[in-house]
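Enquirer: return atomic coordinates for the entry below.
(2 chains)
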Amino acid sequence: MVIDIKNISKSFATKDKEFTALEDINLSIGEGELICLLGPSGCGKTTLLRLIGGLEKADSGEIYDRGELVTGPSKERGFIFQQYSLFPWLNVLDNVMFGLNLSGDKSKEENLAAAERYLERVGLAEFKYNYPHELSGGMKQRVAIIRSLLNHTPVLLMDEPFSAVDMLNRHNLQEQLIEVWKRFNSTIVFVTHDVDEAVYLADKIVVMDKKPGRIKEIVSVDLPHPRQRESKEFLNFQDQIEKLLGVWEI
Amino acid sequence: MIILKFEKKLLPFILPILLIVVWYIITSGLNLVPYYILPSPVDVFGAGANLVMNGKLLDNTINTLIKVFLGIILASVVAIPLGILLGWYESLDKLSSLIISILRPIPPIAWIPFSILWFGIGLSSAVFVIFVGCVFSVLVYTIDGVKRTDKVLIEAASTLGANNWDILTKVVLPSSLPYIVSGLKVGVSIALMCTVSAEMIVSSKGLGYMILTASTLFDPGTMVVGMIIIGIIGILFDLGFRKAQDKIFW
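Expert: Predicted coordinates:
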């Protein structure tokens, strides 16, 4: 197992009361798996992802990344945020090289060559000297993904990265993500509230429930990629998940 | 369209020209105001030509500019690193906020007696007053800029392998740069005011000194020349900072 989540609980204190975001979560994620955390808002899916990323501390329980206890953020676990997280003062090329330049393992020329190669692969080469504010939302998220992949990050944690993108582009990005996932053999944990997105992407869908946030059921989606949205099997999975989620989801 | 554009560019010059015309009419034209109350534009022009010829104008202007620059540089060297620290560590900010709030509203001129005690009459004394004048605005703006750093950028950097030092220098500093420049802009305008006041009291050179000496010598033409030059220096600084802001505001 790559990620082992053991008895994780987490609550947040608001002004007058405490609310339990996650209660006693146990989950194991295998190498090369693409897992979707799916659930209504308030079910703690983002909190769980942030805990795996080390961006948040649990009240109790432990998370292990390849046997090592997670104590804080690390470049071993890349994080793609829902909000755009590119550095606005750096152009695309410098943004994607940010992590590489920090580590200083390789020469600047090697980093540059790698960055250009990666950007080429996702069709962003011609934008390498553009600044983030000149890119569309979908392009920004692609750059952010490349920035993490270039860092040789084996685990990618993605927090509703395509939620701000229109549907057509979203489908495109999902397709690209599947390609990237296969090529780099990454382990991906993907948070979404979109059933279609989860069924399209995931090996396993972790369906969550709220008040308190917990895992309701884990559904394996054994359909080959690329998945056909119109196919009977796809629609069946969608139905099944929607039933699990209950009334709140359309 | 071209005429309209031209007119728009001309618009700011109408009032100054009108002012000079009125000024000319009430002085040289109709002799309504005596020379020692308000010199005519012709007198000012004559005084200016004289000051340019004997090199005093250039000397004093350069002297004033040197003081302004020294003061600003000194203030930046102190205020920018300190501001980053205070903005980053909440406890340091709390520790220092009261003392900054008390010191900040004290007019820089009020420091002149102490500057004379500590540094005597001369360059260092004036530079000290200028330093006190602009250090707080640079400091307060820097603190503000650091605090406004987008949290997601800090988290993104930490998941790309950045340590605390990397985050301060490669994320927080560039992200607060626009605020720091705004602080410097405000600081320079205060510095210019302080410089002239300080020169009138603790210096034997510079535009402020030139104006004060001219008044004791009943030379109002030179006084006005000095004032106009100060105004022009102010405009040039402002333009420079605007250019810098255009470049770094993304």
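
Enquirer: only C-alpha atoms for contact and neighbour calcs from this point on.
Expert: OK.

Enquirer: next SSE after the lengthiest helix in chain B?
Expert: In chain B, with assignment by DSSP state H, the single longest helix is helix B:56-88. Counting by DSSP states H and E, the next helix or strand C-terminal to helix B:56-88 is helix B:90-103.

Enquirer: contacting residues around that following helix?
Expert: Contacting residues not belonging to helix B:90-103 are listed as B:85, B:86, B:87, B:136 [C-alpha atoms under 8 Å, 6 or more residues apart in numbering or on different chains].

Enquirer: list the contacts of the helix or strand of chain B with the lowest mean pLDDT.
Expert: When the helices and strands of chain B are compared on mean pLDDT, DSSP states H and E, helix B:2-24 comes out lowest with a mean of 82. Contact with helix B:2-24 is made by B:40, B:41, B:42, as judged by C-alpha under 8 Å, 6+ apart.

Enquirer: pLDDT below threshold where in the chain?
Expert: As the question left the chain open, I've gone with chain A. For chain A, applying pLDDT under 70 flags the ranges A:247-250.

Enquirer: meant chain B actually
Expert: In chain B, residues with pLDDT under 70: B:1-6, B:249-250.

Enquirer: most distant residue from the centre of it?
Expert: For chain B, the largest distance from the centre (C-alpha atoms, centre = their mean) belongs to residue B:159, which lies 41.0 Å off.

Enquirer: can you tell me how far it is from residue A:227?
Expert: As for residue B:159, its distance to residue A:227 is 31 Å (criterion: C-alpha to C-alpha, to the nearest Å).

Enquirer: how far off centre is whichever strand or helix holds residue B:156?
Expert: Element membership of residue B:156 [criterion: DSSP H and E] is helix B:151-159. Counting by C-alpha atoms, centre = their mean, to the nearest Å, helix B:151-159 is centred 36 Å from the centre of its parent chain.

Enquirer: in it, what counts as buried?
Expert: Buried residues in helix B:151-159, counted by 16 or more other C-alpha atoms under 10 Å in any protein chain shown: B:152, B:153, B:154, B:155, B:156, B:157, B:158, B:159.

Enquirer: out of these, which touch chain A?
Expert: B:152, B:153, B:155, B:156, B:157, B:158, B:159 (C-alpha under 8 Å from any C-alpha of the partner chain).

Enquirer: for those, give me a markdown table that also has distance to residue A:84.
Expert: Formatted as a markdown table, those follow (distance: C-alpha to C-alpha, whole Å):
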| residue | distance to residue A:84 |
| --- | --- |
| B:152 | 8 |
| B:153 | 9 |
| B:155 | 12 |
| B:156 | 10 |
| B:157 | 13 |
| B:158 | 15 |
| B:159 | 14 |
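
Enquirer: and which of the residues you listed is nearest to residue B:76?
Expert: residue B:153 (25.1 Å; C-alpha to C-alpha).

Enquirer: ok, now how distant is the closest one from residue B:75?
Expert: From residue B:153 across to residue B:75, the span is 28 Å (C-alpha to C-alpha).

Enquirer: same thing with residue A:31?
Expert: 54 Å.

Enquirer: on that earlier part again, got the CA positions of the least confident helix or strand of chain B in PDB?
Expert: Extracted in PDB, the C-alpha atoms of helix B:2-24 (Å, rounded to 0.1, in the frame of the first residue of the first chain):
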ATOM      1  CA  ILE B   2      -6.700  62.400 -32.800                       C
ATOM      2  CA  ILE B   3      -7.700  65.900 -31.800                       C
ATOM      3  CA  LEU B   4      -9.600  64.500 -28.800                       C
ATOM      4  CA  LYS B   5      -6.600  62.500 -27.700                       C
ATOM      5  CA  PHE B   6      -4.500  65.600 -28.000                       C
ATOM      6  CA  GLU B   7      -6.900  67.600 -26.000                       C
ATOM      7  CA  LYS B   8      -6.900  65.000 -23.200                       C
ATOM      8  CA  LYS B   9      -3.200  65.100 -23.000                       C
ATOM      9  CA  LEU B  10      -3.300  68.900 -22.900                       C
ATOM     10  CA  LEU B  11      -5.900  69.100 -20.200                       C
ATOM     11  CA  PRO B  12      -3.600  68.800 -17.200                       C
ATOM     12  CA  PHE B  13      -1.500  71.700 -18.400                       C
ATOM     13  CA  ILE B  14      -4.400  74.200 -18.700                       C
ATOM     14  CA  LEU B  15      -4.600  75.100 -15.000                       C
ATOM     15  CA  PRO B  16      -0.800  75.600 -14.400                       C
ATOM     16  CA  ILE B  17      -0.600  77.800 -17.500                       C
ATOM     17  CA  LEU B  18      -3.700  79.700 -16.300                       C
ATOM     18  CA  LEU B  19      -2.000  80.100 -12.900                       C
ATOM     19  CA  ILE B  20       1.100  81.500 -14.500                       C
ATOM     20  CA  VAL B  21      -0.900  84.000 -16.600                       C
ATOM     21  CA  VAL B  22      -2.900  85.200 -13.600                       C
ATOM     22  CA  TRP B  23       0.300  85.300 -11.600                       C
ATOM     23  CA  TYR B  24       2.000  87.400 -14.300                       C
END
